[in-house]
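**Student:** This is a predicted model, with the sequence first.
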Amino acid sequence: MNKHACWPALLLLLPGLLLSGQKIREQDLAPQYQDWLKLVAYVIQPVEREVFMKLAGDRDRDIFIQTFWKQRDPTPGTPENEYKDEIVKRFEYVNRMFGRSTTREGWRTDMGRIYMILGAPQSTERFEASIGLVPCQSWTYWGDSRRGLPPQFILLFFQRGSIGEYKLYDPVSDGPARLLLDQKNIDPMDYSDLYDKILDIQPTLAEAAITRIPGEYNYDFSPSPRNAILLADIMESPKHDVNTSYATHFLDYKGIVSTEYMTNFVENTAATALIRDPMTGLRFLHFAIAPVNVSVDFYEPKSQYFCSYQLNVTLRKGENLIFQYTRDFPIYIQEQNVERVRSNGLAVEDSFPVSEGTFRMIALLTNSVGKEFTVLEKEIVVPPDPGSPRIGGPYIGYRFETYQKEIHIPFKIMDKKLLVDPKNTFAAGDEISVALNVENLTEELRKGGEVRLEITGLRKETPVHKAYVVNLSAYPFGRILPITQVIPARELDPDYYDLAVRLVSPDGKVLDESTGTFIVSSAAAVGHPIANAKGFALANQFLYIDMLAGQAEKLGQMDKARALYERAFNLNPEYKEGLLMYANFLLQVKEYDAALTLVERIRTDDNRRFDYFVIRGKALAGKGLFADALVSLVEANKVYNSDIQVLNTLGLCYYRLGRKAEALAALNASLKLNPGQSDIKALVEEITK
């Protein structure tokens, strides 16, 4: 029989993050991985190589290599990967062609390096039989401005001293004099004279000798500084259009995300907001994650398209896990809406209550359709409540929708749900919807205070400036006062905007100020992702309070945790999972009598016999009543005989009662399940002395 869970189904275990391992030396890799590093030497980014060298096993390396190529596949929907095929073809060519006149492998030569990065030149001109010149070759390329390259450039290679492999010529560090066989009576810095000499021998070589970029040189024919910049841009050109975050995510999440998902990392846009709920007074972290790509499948019996997301959320303080949960988001799409989803995308929204402090929130979102995953990582700062009036927000979206007040939904305040777009970009047809809270409101401030909203465009010439005033007296009193404001985007010119919100006292003093930003686009329409969220009845807010109690317990705030557990229990004494959490907390703080009293409420619950006997046994053992504790612990062990905590407590009780053989049997059974228990090993040694 399996042990009954002691937390709602909402809060499933998410494995801990993996720490970055030690780097392996390249020479210690298997030959196939050393060969792969040679193949990608000029196209792999430093962070990708760093992650690859930290992977511990060949299975991970194989998956990483597959992911590396997939990130660069120009046609991901087809079986072929033209980029990979091209790199392999270039590698074979350079090793065959450019390693002939040198002891080095062809890919390591200057010609091999350029060919691997840029491919075959558009044209090649050889100057290998010209009298008076060392052997040279010029390669002409058409550049790509998206990669920082000029429309056309020429790379020159030459044999220094007319022997050995061809080296990449540098107009500055080598200079035109190096191309002449006879260098007597030559001033290497007289570029004008050198240009003329080479022009007489090989006219098409003269310009390439002083510049890599046709027509770009100084009045005295000396090379421009851009020659060196061009080479740097060439070296970086294969690294454009590749977002390396997949590599760091690979290292961090390979122990969490299934292997089959690891090659399908998807970028996202995301928004977060810390909102105090006026109905409960609790602070919630709201967030929306919109993957840039959404894979959908077709369910023929219902003629529906669908995708299936799972959200795993962890909240950490340092390396300590404070909170975690998992939720499923099956999403069904009618056929007429498929194109809208493909063009606008989907956003998965959720929220959870959060304690005061600074945390790292990690949300993993996986889609079983397409085996994709995306990640939101963010530092969350939940400041202490100052007790004085303050602004919560502003929160910015593109529309409000009305819902029941008693339902909690992400980005909803009272009965207004804000539809958010993580890009915060709006078209003229949108209504820029602003929500905020005035927290810790006093009656005096409500009667004479106001909220001022100022919108300022950021362009230098005649920026748009608009101001709005909200009189607090227009609203009924509440300690948390929600305010909404709608601003038609058509009233604003296309621009970047700052939104400043100020809380002003009756005497004109600014009590608090907060800001936000948004963009008004010149486009006629902006597609916003379709939000997907789940509602939660606030009648069940005891679940949220239990979550906060668990967070406080993990943070070591025991008095706060006790008060929250008690509050949640009083709201719903019949919620058995909360009762078990509360009872286990009481065991931890050694309030054994309180735990015994509480656990009696589930004594007749057949589904929780194991939990009842475990808590009762531990409490009695804590009180030193080892014989009585054994009665309950033996019953627990009959229900589930592989629980380490039960075996350890059994062993301790047997030992305290002088029954050493039975103590050793229980403790050794525990060590067999988990050999890493140093304290139990020490107890076994003590018993066997």
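**Tutor:** Noted; the coordinates are in hand.

**Student:** tell me the SS of residue 647?
**Tutor:** helix (DSSP: H, G, I helix; E, B strand; the rest coil).

**Student:** okay but it is in contact with residue 669, surely?
**Tutor:** Yes. Using Cβ atoms under 8 Å, residue 647 is in contact with residue 669, at 5.3 Å. Quick note: C-beta positions are derived from backbone N, CA and C, even for glycine.

**Student:** For the two, indicate the residue with more neighbours.
**Tutor:** Between residue 647 and residue 669, counted using other Cβ atoms under 10 Å, the more crowded position is residue 647 (24 against 17).

**Student:** Could you name the specific helix or strand carrying the nearest residue to that one once chain neighbours are set aside?
**Tutor:** Spatially, and ignoring its direct neighbours in sequence, residue 647 is nearest to residue 670 (3.9 Å; Cβ to Cβ, 6 or more residues apart in numbering). In this structure, residue 670 sits in helix 660-673 according to DSSP states H and E.

**Student:** what's the following helix or strand after that helix?
**Tutor:** According to DSSP H and E, the helix or strand after helix 660-673 is helix 678-688.

**Student:** other SSEs contacting that following helix?
**Tutor:** In this structure, helix 678-688 makes packing contacts with helix 644-656, helix 660-673, judged by 3 or more Cβ pairs under 8 Å, 6 or more residues apart in numbering; DSSP states H and E.

**Student:** and the last one, what does it pack onto?
**Tutor:** Counting contacts by 3+ Cβ pairs under 8 Å, 6+ apart, the secondary-structure elements packed against helix 660-673 are helix 644-656, helix 678-688.

**Student:** Go through these and pick out the most buried.
**Tutor:** Of all those, helix 644-656 carries the top mean neighbour count, a mean of 21, counting by mean count of other Cβ atoms under 10 Å.

**Student:** what angle sits between it and helix 678-688?
**Tutor:** Angle, helix 644-656 to helix 678-688, by axes from the mean of the first three to the mean of the last three Cα atoms, to 10 degrees: 30 degrees.

**Student:** and helix 644-656 with helix 660-673, angle?
**Tutor:** Using the same axes, to 10 degrees: helix 644-656 against helix 660-673 is 160 degrees.

**Student:** What mean pLDDT does helix 644-656 get?
**Tutor:** Averaged over helix 644-656, pLDDT sits at 94.

**Student:** for stretch 161-175, same thing?
**Tutor:** Rounded mean pLDDT across stretch 161-175 is 89.

**Student:** could the helices and strands packed on helix 678-688 be laid out in CSV, adding distance to residue 614?
**Tutor:** Below are the helices and strands packed on helix 678-688 laid out as CSV (distance: least, Cβ to Cβ, whole Å):
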stretch, distance to residue 614
helix 644-656, 6
helix 660-673, 14
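
**Student:** Indicate which one of the ones you listed is closest to residue 176.
**Tutor:** With Cβ to Cβ as the criterion, residue 176 lies closest to helix 660-673 of the helices and strands packed on helix 678-688, at 77.2 Å.

**Student:** Alpha carbons of the closest one, as PDB, please.
**Tutor:** Provided in PDB are the C-alpha atoms of helix 660-673 (Å, rounded to 0.1, in the frame of the first residue of the first chain):
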ATOM      1  CA  LYS A 660      18.800  -4.200  20.600                       C
ATOM      2  CA  ALA A 661      18.300  -7.000  18.100                       C
ATOM      3  CA  GLU A 662      14.900  -5.600  17.000                       C
ATOM      4  CA  ALA A 663      16.400  -2.100  16.900                       C
ATOM      5  CA  LEU A 664      19.300  -3.200  14.600                       C
ATOM      6  CA  ALA A 665      16.800  -5.000  12.300                       C
ATOM      7  CA  ALA A 666      14.700  -1.800  11.900                       C
ATOM      8  CA  LEU A 667      17.700   0.500  11.500                       C
ATOM      9  CA  ASN A 668      19.500  -1.700   9.000                       C
ATOM     10  CA  ALA A 669      16.300  -2.000   7.000                       C
ATOM     11  CA  SER A 670      16.300   1.800   6.900                       C
ATOM     12  CA  LEU A 671      19.900   2.000   5.800                       C
ATOM     13  CA  LYS A 672      19.200  -0.500   3.100                       C
ATOM     14  CA  LEU A 673      16.700   2.000   1.700                       C
END
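
**Student:** list the buried ones in it?
**Tutor:** Of all the residues in helix 660-673, those buried under the rule 16 or more other Cβ atoms under 10 Å are 662-664, 666-667, 669-671.

**Student:** Residues contacting that helix, please?
**Tutor:** For helix 660-673, contacts defined as Cβ atoms under 8 Å, 6 or more residues apart in numbering pick out 642, 644, 647-648, 650-655, 677, 680-681, 683-684, 687-688.
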